[in-house]
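Visitor: sequence and predicted structure, then a few things I'm wondering about:
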Amino acid sequence: MKEFARFETLLKQTMGLNAKSVGPAMIERAVRERCAGRGILDIAAYWRQVQESPAELQELIELVIVPETWFFRNGEAFKALARLALSHTLRSAQQLRILSLPCSTGEEPYSIAMALLDAGVPPARFHIDAVDICTRSIATAQRAAYGVNSFRGKDLEFRDRHFVPVAERHALAETVRSKVRFRHGNLFDPALLSDESGYDFVFCRNVLIYFGDAEQARAVRVLDRLLNNTGVLFVGPSEGGVLVRENMVSANMPLAFAFRKAAPAPASQTNSALPASRSAGLRWDVQTTPISAWTPRPRAAQARPGRDQASAQAPLAPRQWDVAPTSVAVSRAGSDNDPIAVAARLADQGRLREAAEICKRQVQEHRPTAAAFYLLGLVSDAAGHHLEAREHYRKTLYLEPDHTEALVHLAALLEMHGDTAGARRMNERARRATIKRLD
């Protein structure tokens, strides 16, 4: 209806919301609900209220936002973050700065904190800011007590480590809560976080899809301002194309949907001894990274002075937060005539189906390769098709027995489905393969 069109325009200007992404009916329902709550019978009168009262506009915004999130959603991003963060702490004393925007009801920033703590990153070495436009979501996040809908998937071991059951909910431990600072803010506010320096990592996932092209461009400009020159931006699986269009480039971390600024670092810095999170391209080189940097263990199992070193180094099956090294077998540097390189770039952009089709054609019509099967495994893994992913990883290993990344991913799937012994074997093979590379 025309009388609601101006509300759609106002919300688009204020928060970037494209009415088509949520449906005009949702905005109409929100307006009518606020009218009923305020005892206003005339839509025109409510329009005047919204224009005159920032508080009432905020109430309307609260109603058109429907939080949909859960812990460790799209888990590859957290694995990639833990990998880079752990490398940083091994090589630098600088504290990592991380931003979750929008943070919704807190599952994402808390997942970031848990991933880093479980990977062995000292609490004092990182700080997380979490920002959302919805004050109700922030209040929920600060309470940090979550119901069953926030815990999805089969791998919920992190819940046993970091939560305490309270009635029908799970309360988050203070060790995790203390690492996150929540703030109210609007992505389209020109002064957003103007009092903060740039961030090493920014998570802005599954929000750009609700914007039109112009608003997406505005949002990316804000994110570019908030991100350090060498930082990494994580977006949702279907948002990679937006970043490419806005002149950002893939950070070369399969299925993490991670991007960085396009401006290249000076050539003299490319091979310097800077930490991984500060180096050009933010690449992860498993040939020069110690095993401990990508195979973290619970703190109780790590070696301490005077403790039996052999016991401390016993391999453990990876958990959801395990930081497997980014594939060096799937190269994105190939030409457009290299189908696997093309498929890898498509996967990084979130175009998983296209990437899978290219790999399948390569396997069926040409010579099967470990790189093709591995990429098929990653795509299947991301889509939740775990049985298919396991078969693809096994075929990868048939062709390349020491394919470290396939070994670690297969170990994670075996652990997820209860095969702890099989997971240990795969993880031990991965450890031996990496030692062989280092030698």
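Guide: All right, it came through fine.

Visitor: just the strands in the stretch 151-300 of the chain please.
Guide: 163-166, 169-172, 180-184, 199-203, 227-234, 248-250, 258-261 (DSSP state E, counting those that start in this stretch).

Visitor: could you tell me the least trusted of the ones you listed?
Guide: When the strands of the stretch 151-300 of the chain are ranked by mean pLDDT, strand 248-250 comes last with a mean of 84.

Visitor: and that strand, what does it pack against?
Guide: Helices and strands touching strand 248-250, by 3 or more Cβ pairs under 8 Å, 6 or more residues apart in numbering; DSSP states H and E, are strand 258-261. Glycine gets a C-beta too; all of them are placed from N, C-alpha and C.

Visitor: near residue 93, how many other residues are there?
Guide: 8 (other Cβ atoms under 10 Å).

Visitor: now it: which helix or strand?
Guide: Per DSSP states H and E: residue 93 is located in neither a helix nor a strand.

Visitor: now do residue 353
Guide: Judged by DSSP H and E, residue 353 forms part of helix 352-365.

Visitor: next helix or strand past the helix-or-strand element of the chain with minimal mean pLDDT?
Guide: For the chain, counting by mean pLDDT, DSSP states H and E, helix 309-312 ranks last in confidence among helices and strands (a mean of 35). Following helix 309-312 in sequence order, the next helix or strand is helix 339-348 (DSSP H and E).

Visitor: between that next one and helix 352-365, how big is the angle?
Guide: 160 degrees (axes from the mean of the first three to the mean of the last three Cα atoms, to 10 degrees).

Visitor: use 650 as the first number from now on
Guide: That works, and once the first residue is 650, the last one we named lands at helix 988-997.

Visitor: can you give me how far helix 988-997 is from the chain middle?
Guide: On the basis of Cα atoms, centre = their mean, to the nearest Å, helix 988-997 is displaced by 19 Å from the centre of the chain it belongs to.

Visitor: then stretch 766-779?
Guide: Distance of stretch 766-779 from its chain centroid, counting by Cα atoms, centre = their mean, is 15 Å.

Visitor: rounded mean pLDDT for that stretch, please.
Guide: Here stretch 766-779 scores 94 as its mean pLDDT.

Visitor: buried residues, that stretch. List them.
Guide: The neighbour-count check on stretch 766-779 (16 or more other Cβ atoms under 10 Å) flags 766, 767, 768, 769, 770, 774, 775, 776, 777, 778, 779 as buried.

Visitor: same check, this time on stretch 900-908
Guide: So stretch 900-908, judged by 16+ other Cβ under 10 Å, has buried residues 900, 901, 902, 903, 904, 905, 906, 907, 908.

Visitor: what is the end-to-end distance of it?
Guide: 5 Å (Cα to Cα, to the nearest Å).

Visitor: count the residues that sit near residue 814.
Guide: Residue 814: 10 neighbours (other Cβ under 10 Å).

Visitor: how far away is the closest residue to it other than its chain neighbours from residue 758?
Guide: Nearest non-adjacent residue to residue 814, counting by Cβ to Cβ, 6 or more residues apart in numbering: residue 820, 7.8 Å away. Going from residue 820 to residue 758 by Cβ to Cβ, to the nearest Å gives 16 Å.

Visitor: which one's more surrounded, these two?
Guide: Each of residue 820 and residue 758 has its neighbours counted (other Cβ under 10 Å); residue 758 has more, 26 against 16.

Visitor: look up how far residue 798 lies from the more buried one.
Guide: Counting by Cβ to Cβ, the gap from residue 758 to residue 798 is 18 Å.

Visitor: so what's residue 682 up against?
Guide: Contacts here follow Cβ atoms under 8 Å, 6 or more residues apart in numbering; on that basis residue 682 touches residue 712.

Visitor: per-residue pLDDT of it, please?
Guide: Model confidence at residue 682 (pLDDT) stands at 93.

Visitor: quickly find the element holding it.
Guide: Per DSSP H and E, the secondary structure element for residue 682 is helix 673-687.

Visitor: distance from that helix to the middle of the chain?
Guide: Per Cα atoms, centre = their mean, the centroid offset for helix 673-687 relative to its chain is 33 Å.

Visitor: could you say what helices and strands the helix or strand following it packs with?
Guide: Per DSSP H and E, the first helix or strand lying C-terminal to helix 673-687 is helix 692-701. When contacts are defined as 3+ Cβ pairs under 8 Å, 6+ apart, helix 692-701 sits against helix 651-664, helix 673-687, helix 703-713.

Visitor: cheers, nothing more for now.
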